[in-house]
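# give the three-dimensional model of this entry:
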Amino acid sequence: HRAINQLSFTVEEGEFLAVMGPSGSGKTTLLNMISTVDEPTSGTILMNGVNPHQLPENELAYFRRRQLGFVFQNFNLLQTLTVEENIILPLTLDNQPLEEMQERLAIITERLHLQAILHKRPNEISGGQAQRTAIGRALIHRPSLILADEPTGNLDSNTSRDVLELLMHVNQEQKTTIVMVTHDPIAASYCDR
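Numbers count the residues shown, from 1 in each chain. Got it, this is the predicted structure:
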């Protein structure tokens, strides 16, 4: 089965791009190839001139951890960790100093309005809080590219709007490049193209 065929596009630094299409059209496969979860059978993916698919395994892990942020439809939070622990996980894996972790955590949780639930576990919070937690985890290490796979798919319309406005602000304020997969034209309307 050929999931993606003859696709060519460029995303400029700081752009917020929506990739739209019906279920089964290859949107998630595209994100999986950009994130190096899947290997393209042909063609090249370059990020700032680097083909991550050609990096040695340890450099690839470092590249993913430093350059990429992920936001998923089903949140992918670790149920055994608190909201705080889920958010700082990328910094913990990167052996960042404790002061740096606390400083970044304070900034991100204030922006995401998560201070009141930092010691709760994912099963104790709402879907919107879980998605904001996932966004916090995706942003805390200041990636150059955020990959968002249907980030509002499991949320009600008000919470969806909040999440999309948050992504839009991150894109505009920090010039973070975002590639978001969606089938929702309302979600896509928050993007540059």
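# got the contact list for the residue nearest in space to the middle of the chain?
In the chain, the residue lying closest to the centroid (Cα atoms, centre = their mean) is residue 70, at 2.6 Å. Applying Cβ atoms under 8 Å, 6 or more residues apart in numbering to residue 70 gives the contacts 35, 76, 138, 146, 147, 148, 149. Glycine gets a C-beta too; all of them are placed from N, C-alpha and C.
# tell me which of those residues fall in helices.
Judged by DSSP state H, those include residue 138 as members of helices.
# closest one to residue 85 out of the contacts of residue 70, please.
residue 76 (14.1 Å; Cβ to Cβ).
# need the contact list for the closest one.
70, 134.
# thinking again about what came up before, list the neighbouring strands of the helix or strand that contains the residue nearest to the centre of the chain plus their orientation.
Per DSSP states H and E, residue 70 falls inside strand 68-72. Here strand 68-72 is paired, per DSSP bridges, with strand 145-149 (parallel).
# so how far is the strand it pairs with from its chain's centroid?
Mean C-alpha position of strand 145-149 versus that of the full chain (Cα atoms, centre = their mean, to the nearest Å) differs by 4 Å.
# also stretch 150-166?
From the chain centre to the centre of stretch 150-166 is a distance of 14 Å (Cα atoms, centre = their mean).
# average pLDDT for it?
Per-residue pLDDT values across stretch 150-166 average out to 86.
# what comes up buried for stretch 85-101?
The neighbour-count check on stretch 85-101 (16 or more other Cβ atoms under 10 Å) flags 85, 86, 87, 88, 89, 90, 91, 96, 101 as buried.
# what helix or strand is the nearest residue to the third one once chain neighbours are set aside on?
Sequence neighbours aside, residue 136 is the residue nearest to residue 87 in space, at 4.3 Å (criterion: Cβ to Cβ, 6 or more residues apart in numbering). Secondary structure assigned from DSSP H and E places residue 136 in helix 127-139.
# buried set for that helix?
For helix 127-139, the buried set under the neighbour-count rule, 16+ other Cβ under 10 Å, comprises 128, 129, 130, 131, 132, 133, 134, 135, 136, 137, 138, 139.
# helices or strands next to the helix or strand hosting residue 172 in the packing?
According to DSSP H and E, residue 172 maps onto helix 157-174. Identification of packing neighbours for helix 157-174 by 3 or more Cβ pairs under 8 Å, 6 or more residues apart in numbering; DSSP states H and E yields strand 16-20, helix 127-139, strand 145-149, strand 177-182, helix 185-188.
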